[in-house]
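*Asks:* got a sequence here, can you model it:
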Amino acid sequence: MSQDTAVAGAQSPRAPGTRRRREVVAVLLFSGGPIFESSIPLSVFGADRQDTGAPRYRLLVCAGEPVPLLTTGGLELTTPHGLDALSRAGTIVVPAWRSITEPPPASALAALRRAHEEGARIVGLCTGAFALAAAGLLDGRPATTHWMYAPTLAKRYPSVHVDPRELFVDDGDILTSAGTAAGIDLCLHIVRTDHGPEAAAALARRLVVPSRRGSGADRHVDRSLPEEIGGDPLAEVVAWALEHLHEQFDVEALATRAYMSRRTFDRRFRSLTGSAPLQWLITQRVLAAQRLLETSDFSVDEVAGRCGFRSPVALRGHFRRQLGYSPAAYRAAYRTRHPQPDEKPETDTYAAVQPAQRDQVARRTIPSQRERPVG
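*Replies:* All right, here's what the predicted structure looks like:
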């Protein structure tokens, strides 16, 4: 196929209502994208494995900006298609976006919006969620991304209901996944949705990965580190903080462990994660409290102590600011939505939760992880 040397000037959009085949998958690549995330949809949807029982997709690899695209390790990529090919796809995957602080090209955002308006299914893997959010496609919807970047996504786009603990979130025509390998889980979920569990299982066997992994409280995705920080000296400090959330320590203590002044530590931490260290620490403590509220019978006071909050009042304040629930109301709503096998939903307790909050629970996602100023 011929190379598209420019991505501007997309073809006229199809008329609204034109049916798009979801088996036609466009993967939208940008410069600076990590090669691992980019390769996931290419491998899942681009290879013909029908001899093993896996389904066949038609793959369109598209550049979201002028080629060549630079990626991990200084590799240069060219693609057969530009933004015009998005008009032919029923599924569009954005594997990653290179920066959580830089907006994607306006032409790419417009193409994503137009494709969605015309019925395309839009998928964001890891930081690809930032591209979807910048296009306005996540407004009022549940979504996930890598846990390290979730507070930034929630703060920059407050209308997005961000849950960093999910492997992926399927909201019908908009889907997002957490960091790195969770993109495989979401792509297999798409195959399962399109062609059934046997097709997904056949593909998983070929890829030598689990057909389906757990989600929610049974995973500890926040124990991993994103690629960008994994080799940095701050990685050890972040890992220590995650292992000691039950202890009371502050950002000054983390700066001391990193052998940095508080100002230097704050600057380095923000440059790596996009989040202020204090807000990141509070978010991690709230996440830990969520897990205990879901999986234990500890009182709210005990949960506060086990998550490093100095008092139950501090837990309640931060919990409500980030989730819109009190800890007690959150536990009641969660247990109504996820009853034990020998329990029946407590409809009276569930009814006590505000209607908007019930809607969030019914959408099978945790309420918004909105990052707000402390104090």
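*Asks:* so residue 323 sits against residue 289, correct?
*Replies:* No: using Cβ atoms under 8 Å, residue 323 makes no contact with residue 289, being 9.7 Å away. In this view, the C-beta of every residue, glycine as well, is placed from N, C-alpha and C.
*Asks:* comparing those two, which shows the higher neighbour count?
*Replies:* Using other Cβ atoms under 10 Å, the more surrounded residue of residue 323 and residue 289 is residue 289, with 27 against 21.
*Asks:* for the more buried one, what are its contacts?
*Replies:* 303-304, 307, 309, 315, 319, 327 (Cβ atoms under 8 Å, 6 or more residues apart in numbering).
*Asks:* that one and residue 326: what is the separation?
*Replies:* Shown here: residue 289 relative to residue 326, a distance of 11 Å by Cβ to Cβ, to the nearest Å.
*Asks:* ditto for residue 271
*Replies:* Distance from residue 271 to residue 326, by Cβ to Cβ: 35 Å.
*Asks:* for those two, indicate the residue with more neighbours.
*Replies:* residue 326 (15 against 12).
*Asks:* for that one, phi and psi?
*Replies:* As for residue 326, its main-chain torsions (degrees, to the nearest 10) stand at phi -80, psi 160.
*Asks:* mind jotting down where the strands sit in the stretch 1-150 of the chain?
*Replies:* Counting by DSSP state E, counting those that start in this stretch, one finds strands in the stretch 1-150 of the chain at the ranges 24-29, 58-63, 69-70, 76-77, 91-94, 121-125, 142-143.
*Asks:* tabulate those strands (a markdown table), appending mean neighbour count.
*Replies:* Conversion of those to a markdown table gives the following (neighbours: other Cβ atoms under 10 Å):
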| stretch | mean neighbour count |
| --- | --- |
| strand 24-29 | 26 |
| strand 58-63 | 21 |
| strand 69-70 | 18 |
| strand 76-77 | 13 |
| strand 91-94 | 28 |
| strand 121-125 | 28 |
| strand 142-143 | 26 |
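*Asks:* flag the shaky bits of the stretch 151-300 of the chain, pLDDT-wise.
*Replies:* Counting by pLDDT under 70, the stretch 151-300 of the chain contains low-confidence ranges at 213-232, 273-274.
*Asks:* residue ranges of the strands in it, please?
*Replies:* Ranges of strands in the stretch 151-300 of the chain, per DSSP E, counting those that start in this stretch, are 161-162, 168-170, 174-177.
*Asks:* and residue 39, which of those strands is closest to it?
*Replies:* Using Cβ to Cβ as the measure, strand 174-177 is the one of the strands of the stretch 151-300 of the chain that comes nearest residue 39, at 14.3 Å.
*Asks:* restricting to C-alpha, output that closest one in PDB.
*Replies:* The C-alpha atoms that make up strand 174-177 are tabulated as PDB, following Å, rounded to 0.1, in the frame of the first residue of the first chain:
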ATOM      1  CA  ILE A 174     -16.100   3.700  24.500                       C
ATOM      2  CA  LEU A 175     -13.600   1.400  26.200                       C
ATOM      3  CA  THR A 176     -10.400   2.100  28.100                       C
ATOM      4  CA  SER A 177      -7.800   0.000  29.800                       C
END
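*Asks:* list the buried ones in it?
*Replies:* Under the neighbour-count criterion of 16 or more other Cβ atoms under 10 Å, strand 174-177 has 174-177 buried.
*Asks:* give the other helices and strands that that strand contacts.
*Replies:* Under the contact criterion of 3 or more Cβ pairs under 8 Å, 6 or more residues apart in numbering; DSSP states H and E, strand 174-177 touches strand 121-125, helix 128-134, strand 168-170, helix 182-195.
*Asks:* and with 6 Å instead?
*Replies:* Secondary structure elements in contact with strand 174-177, counted by 3 or more Cβ pairs under 6 Å, 6 or more residues apart in numbering; DSSP states H and E, are strand 121-125.
*Asks:* can you tell me the strand partners of the strand it packs on and which way each runs?
*Replies:* Here strand 121-125 is paired, per DSSP bridges, with strand 91-94 (parallel), strand 174-177 (parallel).
*Asks:* which one of those strands lies nearest to residue 131?
*Replies:* With Cβ to Cβ as the criterion, residue 131 lies closest to strand 91-94 of the strands paired with strand 121-125, at 4.8 Å.
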